[in-house]
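K.L.:
Give the three-dimensional model of this entry:
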Amino acid sequence: MEKMLVTVSGGRSSAYMAIRMHQEMQHKFDMDFVYANTGQEHPKTIEFIRNISKHFGIHIHLIEADVKEAGVGTGFREVTYATLSENGEPFEDVIAKYGLPTIGFMHCTRELKISPMNAYMKKYGIKKRCLGIRFDEPNRYKPKDDVYYPLVTNWKVTKEDIGRWWAEQEFDLEIPDYLGNCTWCYKKSDRKLNILAKEHKEVFDFPLRMETKYADDSRQIFRGYRTTKDVIEGVSYDLFDDVCAEECGTVI
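P.N.:
Numbers count the residues shown, from 1 in each chain. From the prediction side, this is the model:
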């Protein structure tokens, strides 16, 4: 039976995919379900992962980046709900080695998500991974022999399908869209960062600390060559109103 790594990102689409793979594809694949924790995930994301395991009987391996010395690639370590990082420890390890992340230096995704997953696959002899890209995300769908996209090729699932399905379940991911799993991510739009700075300023504590500890005049974390302090102090109440009108309450 072909071995498969099923990546659980912490979002609704990948969770839906994992549940259907568990329920419908065990006859076809020998599957490991894996979630990579960065230490800067929203607490509700961890709760969501835990609920998936509890309600659907899926054992989800929790892993974190194991950052090595210079010249050695990032590995992984397996953790539990009791021992997983909650204060950004793996993230800080990456920053200490590679510097502050920015749009031009997106090593956080590479080192905190992709590399630990790759190391896991190598250790356990897994050659193929399963990703939760949806049918209505054609720009993200890139056919490869070693990647399986069941929401595209098998079930043709859209964002609306995912929303309807989760609305019928006993639990859901209790995070507004503008927060997201990685709350302060520099990839967020100015509108989302604006509402975060207004309503959840505490999510910026970690990048503020990282900028102080690993100061780099050649890099600023946020778009427009802005520091975390710039984002917090640049709150626009007009922009905040636009965010509320357009984004609050969406299902995915």
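
K.L.:
Residue 56 and residue 16 touch, don't they?
P.N.:
No - contact criterion Cβ atoms under 8 Å: residue 56 and residue 16 do not qualify, at 10.6 Å. C-beta here means a position set from N, CA and C on the backbone, and glycine is covered the same way.

K.L.:
Could you check which of the two is surrounded by more residues?
P.N.:
Taking neighbours as other Cβ atoms under 10 Å, residue 56 and residue 16 compare with residue 16 leading, 23 against 15.

K.L.:
That one: what's its closest spatial neighbour, skipping adjacent residues?
P.N.:
residue 162 (5.4 Å; Cβ to Cβ, 6 or more residues apart in numbering).

K.L.:
Check the spacing between the one you found and residue 54 real quick.
P.N.:
20 Å (Cβ to Cβ, to the nearest Å).

K.L.:
Of those two, give the one with the bigger neighbour count.
P.N.:
Using other Cβ under 10 Å, the more surrounded residue of residue 162 and residue 54 is residue 162, with 23 against 10.

K.L.:
what about that one, which helix or strand?
P.N.:
helix 159-167 (DSSP states H and E).

K.L.:
buried stuff in the very next helix or strand once past that helix?
P.N.:
Towards the C-terminus, the helix or strand next in line after helix 159-167, according to DSSP H and E, is helix 190-199. Buried residues in helix 190-199, defined by neighbour count with 16 or more other Cβ atoms under 10 Å: 190-199.

K.L.:
so after helix 190-199, what's the next helix or strand?
P.N.:
Heading C-terminal from helix 190-199 (DSSP H and E), you reach helix 205-213.

K.L.:
What are the buried residues along the helix or strand that that following helix is followed by?
P.N.:
Sequence-wise, the next helix or strand downstream of helix 205-213 (DSSP H and E) is helix 228-233. For helix 228-233, a neighbour-count test (16+ other Cβ under 10 Å) marks 228, 231-232 as buried.

K.L.:
Show me this structure divided up by domain.
P.N.:
Per the record, the chain has its domains at 2-167, 190-247, by automatic domain parsing.

K.L.:
Put together a markdown table for those domains, with distance to residue 182 and mean pLDDT on each row.
P.N.:
As requested, the domains of the chain are exported to a markdown table (distance: least, Cβ to Cβ, whole Å; pLDDT from 0 to 100):
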| stretch | distance to residue 182 | mean pLDDT |
| --- | --- | --- |
| domain 2-167 | 6 | 97 |
| domain 190-247 | 10 | 84 |
